[in-house]
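1. Next one to model:
(chains A, B and C)
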Amino acid sequence: MLEVNGLSVAYGAIEAVKDVSFTVAEGQVVCLVGANGAGKSTTLRTVSGLLRPRRGEILFRGRPIHHLPAHKVLATGIAHCPEGRKLFATMTVEENLLLGAYLRRDHDIARDAAHVYELFPVLGQRRHQKAGLFSGGEQQMLAIGRAMMARPSLLMFDEPTMGLSPIMIQRIMDTIGVLRDQGTTILMVEQNALAALALSDHGYVIDLGRTTLSGPGRQLLADPRVREAYLG
Amino acid sequence: MTLDRPPVRHRKPAAPELPGPAAVLLRLRAPAAAVLVLAGALLPWASVVLPGGAYPDLATLQFFDAPHLVTGFRLHLVLLGLAAALLPRARKPAAIGVIAIALVHMAFLTGLGALSIGGPVTLAAGALLLWAARAEPPRPRMELKTPPPAVAWLVLLVAFAALLWLVSATLTAGGQSRATNPYGGAEFLAFLGFGLAVAGVLSAYGVLAWISAMSERHRIFSIAVLLGCALMLPFTQAGTGYWMTVASSIGVYAATAIGLNIVVGLAGLLDLGYVAFLGIGAFTAANLAHAVPFPVAALAGAVTAGVFGVVVGSPTLRVRGDYLAIVTLAFGEIFFRAAQNDIGGLTGGANSIPGIPPINVLGLAFNEPVGGLPGGSRYYMISVLMVAGAMAVLANLRRSRTGRAWLAIREDEDVARAMGVRTGRAKIVAFLVGATLAGLAGAVFAHKLGTVGYESFDFSESVTLLAAVVLGGMGTVPGAVVGASLLFVLPEKLREFSDYRLMLFGLALILIMRFRPQGLVSSS
Amino acid sequence: MATLAQQIVNGLVLGALIGLIALGYTMVYGIIKLINFAHGEVFMVGAFGAHFTSAYLLPDAMPWYAALPVLCVAAVAVSVTVAVLMERLAYRPLRDAHSLAPLITALGVSILLQEVVRVFYPGATAPLPFPRVFVDSQLTAGSLIVQWTGVLAVAVSPLLAAALHWYVERSRLGRAMRAVAEDPDTARLMGIDLNRVILATFVLGAVLAGLGAVLYGIHYGQIDTTMGFQNGIFAFTAAVLGGIGSIRGAMLGAFCIGMVKSLAGQYAWGGAQYDYVWVFVLLILVLMFRPQGFLGRLERVRA
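-> Numbers count the residues shown, from 1 in each chain, chains lettered A, B, ... in the order given. Next comes the predicted model:
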């Protein structure tokens, strides 16, 4: 479904991503793990069109998308739930969800919002409150809900569990599992490799801007090199 | 805001090899263009007889009878055409020069309704040459070895003498009076195009870098020679009373622009009311002119302006970026209004302050001719010394601790503060130094003109100074001088366009920010 | 007493007029953090657009209620065209440029527009009379005189601001504008085309400036090429005073500025020749001591 080949991305003279390649098959959960600064977030930001690659290509359903601006990437069906949630803090829950559905012109938006409120009842109860007033976990729920509102076929999560309590981490991971079961393909970036790889069909290890290892999630979890480097 | 990083441009792959005849034709582009330039230079440019000036006496092919009599812009075209034919690296700059010369003269001749084939042919030749030059693969940069000191000194001497000649020729290009030469504006602009092309050719062959490397190595020598050359200007063909007056005005504005360059270019603080400091210096000196000798008045002007600089700069402790620009604009407007209304009887209001005596040293008034030199040449020398001093201040500050602090503030003020830079102090110092320089320039300004009125310090003057800094290159040492020279010579030369002056400055600001934000004088 | 009342009326009218310009400043600054110096010029060209229509296109004997809408349309059309061109050609290429570049460009655009009109518009080197396409009479109460055009301005301007506020709060595009103002990168992840939203912001500002230009023209009866720059500075001051980025704040600030100029011209030191100066003094004080304005949030203030 998504194919990234030989991706290289630079901020000015600094090459944050040097050579990253991976594929995501339809219906899978795929995880990129790696240390801080390995280039995972940069990779996702490039896929979603916020950054331009210096080299390499990104194919979605066989068509190149690396030259598209972000709003056109979203229109192809790739949504990105960014690192640090990035909610619109001065807007209400409802407005945040409506922004998630910005590109849609159909009449099911209200129904999809109701679905999000069903999935996360706390959001439904506080739908007219400003998003900035929410706790970290609630904000992450809203960020996920907002990304779902675009009805993506591929949903990318950047550090969805960052700064959350263990219970909340489990809750988020469960939600991601539910999304997968409903047919959404998932690409995830996580430092919390244990939880992420356990959920993933396939994993890639990114180190200093390069993909170094790959394999099914559970196999990577068992790999001594991965265990040593990321799981301690 | 942070959006896309600038996209990385992928270089277009070289055009595929074309088969036989087409490839030959493509390779012949450059020589053909060079020949066409030569032909264009010799063809008639005007369709009717235009007496005097740059255009031929008769609109015929008479130049084929006597090609050795080719002068003026035609000579420049011939030189550029030869350069394009013989020196492969010279093609691009030569093409730009040819196009500039052709466009300028075509515009003027079209305005006169006398356009003939010479211009269009030359323009086409220039375009063809540019096309050929752009298609060539990039060449590695030329590097020339630094010669031993004795040779280097000689080269520097020749180079600076050539510069002096160039400046003098530029000033006098096209003459000074519309009465004697109605086409002076065109000649001057075309000469600028030629000068630009020559500089481009020298740069392409690494000559400019070579000279600048030598002058960097022999700093003291170069500065002395350069200063000497600048002081020699009254002895060249530009040594008339008129050009000395123009040149000393340029000097005053150049010194002011250098001060602004410290504030804007080095410290990154946009000041939109800067001309007020020039005004404060001028009014201070004007009020003191009858009471104290010039050096005291100048010092007083500088100090007063410096004090106001600190006052205007003090909001920088609280206000940043765009908001600071607005604060400085507000201060500038307040000054203008106050001066207009003769605040405290200090500015003369609508009557200005007239009758300021010329600078008088040892009983010798500066406006009178001395020896073989025209009047005004000593004002010119004073302004040269002032500009040299300002440049020295700028160059030294750039390298100083304060200069590094400014650089850090310009890049990111929060980071600078976090790294222990005393940002508040550094910003105030920038305003202080900049304002002091402007105040000093203002004192000379007042004595030179003999009259100071508030109209000389309105917002458009601040804009012009800013345009000079931006045009020359923000933060560079010679930038403000080059920018100020261009912006204050051009209106002198192009009187018929005086109504368009500000319009063109506005356009220049937009275009420079868009296409060459580092300014004209910058290697990067 | 009568003078005071008269000055208050004058201040209210001036406030209503610069409020319409201030809205454009506040929206553009809110969304791309650019002080669009040239916004005052958008207002100015609108006035000349209306003047041109009236002087060269409309028949002389047209009743005012027929001419006024036409002039409004003309002014808005010219203002919008200029605003769109300047965004596309001057500002958009600089989206990623270093911090001084957009501001210097804005200054360049402002001067360019002013000079183009001054040099090329017939007769624009001096103030031009603006057609009085409204009830050309006045209300009098004792010695107090209120022009009907002033009443119109004071009535229409807050209504337009309220409409703008409603639009930004309720519409899809308004939501997108607020999203871009808050976090452009994340807004892009929502599928928002930044360039379109920014352009739309310029267009909205230009519509209000164009309408303001006609109201200004019919009230003061004459226009000139510097009206944009001067009133633009007032409007910017108003936008900052009210809290830049805030629509209600811009209106509130504008009325304050109108009052200050009007009352200071009457009562403060220096009289009418210094009224302008007091506005600037206020501007400096506000920027220094309360840069977030009345209604702004501190984090909006740019580093």
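
2. Tell me which helix or strand in chain B has the weakest average pLDDT.
-> strand B:364-365 (a mean of 68; mean pLDDT, DSSP states H and E).

3. What's the first helix or strand after it?
-> Next along the chain after strand B:364-365, taking DSSP states H and E as the criterion, comes helix B:377-399.

4. Go through that following helix and flag the buried ones.
-> For helix B:377-399, the neighbour count (16 or more other C-beta atoms under 10 Å in any protein chain shown) marks B:377-384, B:386-388, B:390-391, B:393-394, B:397-398 as buried. (Each C-beta comes from the backbone N, C-alpha and C, glycine too.)

5. what's the pLDDT at B:G126?
-> pLDDT, B:G126: 91.

6. Just to check, it is in contact with B:A34?
-> No: using C-beta atoms under 8 Å, B:G126 is not in contact with B:A34; the gap is 10.6 Å.

7. any low-confidence regions in the stretch 101-250 of chain B?
-> Scanning the stretch 101-250 of chain B for pLDDT under 70 picks out the ranges B:174-181.

8. actually the stretch 1-150 of chain C, not the one I wrote
-> Low-confidence segments of the stretch 1-150 of chain C (pLDDT under 70): C:1.

9. Around chain A, pick out the residues from it.
-> For the stretch 1-150 of chain C, no residue is in contact with chain A (C-beta under 8 Å from any C-beta of the partner chain).

10. need the helices for the stretch 1-150 of chain C, in chain order.
-> C:2-32, C:39-52, C:64-86, C:100-120, C:148-170 (DSSP state H, counting those that start in this stretch).

11. deepest of the ones you listed, which one?
-> Neighbour counts (mean count of other C-beta atoms under 10 Å in any protein chain shown) averaged over each of those peak at helix C:39-52, with a mean of 29.

12. Could you check it against chain B for contacts?
-> No: judged by C-beta under 8 Å from any C-beta, helix C:39-52 makes no contact with chain B; its nearest approach is 10.2 Å.

13. Show me what that helix is packed up against.
-> Applying 3 or more C-beta pairs under 8 Å, 6 or more residues apart in numbering or on different chains; DSSP states H and E, we find helix C:39-52 packed against helix C:2-32, helix C:64-86, helix C:100-120, helix C:194-220, strand C:222-223, helix C:227-242.

14. Just give me how far that helix sits from the chain centre.
-> Relative to the centre of its chain, helix C:39-52 is centred 11 Å away, using C-alpha atoms, centre = their mean, to the nearest Å.

15. May I have that helix as CSV, with CA atoms only?
-> Taking Å, rounded to 0.1, in the frame of the first residue of the first chain, the C-alpha atoms of helix C:39-52 are listed here in CSV:
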residue,chain,number,x,y,z
HIS,C,39,-2.7,47.1,3.7
GLY,C,40,-3.3,50.8,4.1
GLU,C,41,-2.5,51.0,0.4
VAL,C,42,-5.2,48.4,-0.4
PHE,C,43,-7.6,50.9,1.3
MET,C,44,-6.2,53.8,-0.7
VAL,C,45,-6.4,52.0,-4.1
GLY,C,46,-10.0,51.1,-3.3
ALA,C,47,-10.8,54.8,-2.9
PHE,C,48,-9.2,55.6,-6.2
GLY,C,49,-11.0,52.7,-7.8
ALA,C,50,-14.3,54.2,-6.7
HIS,C,51,-13.2,57.6,-7.7
PHE,C,52,-12.3,56.4,-11.2
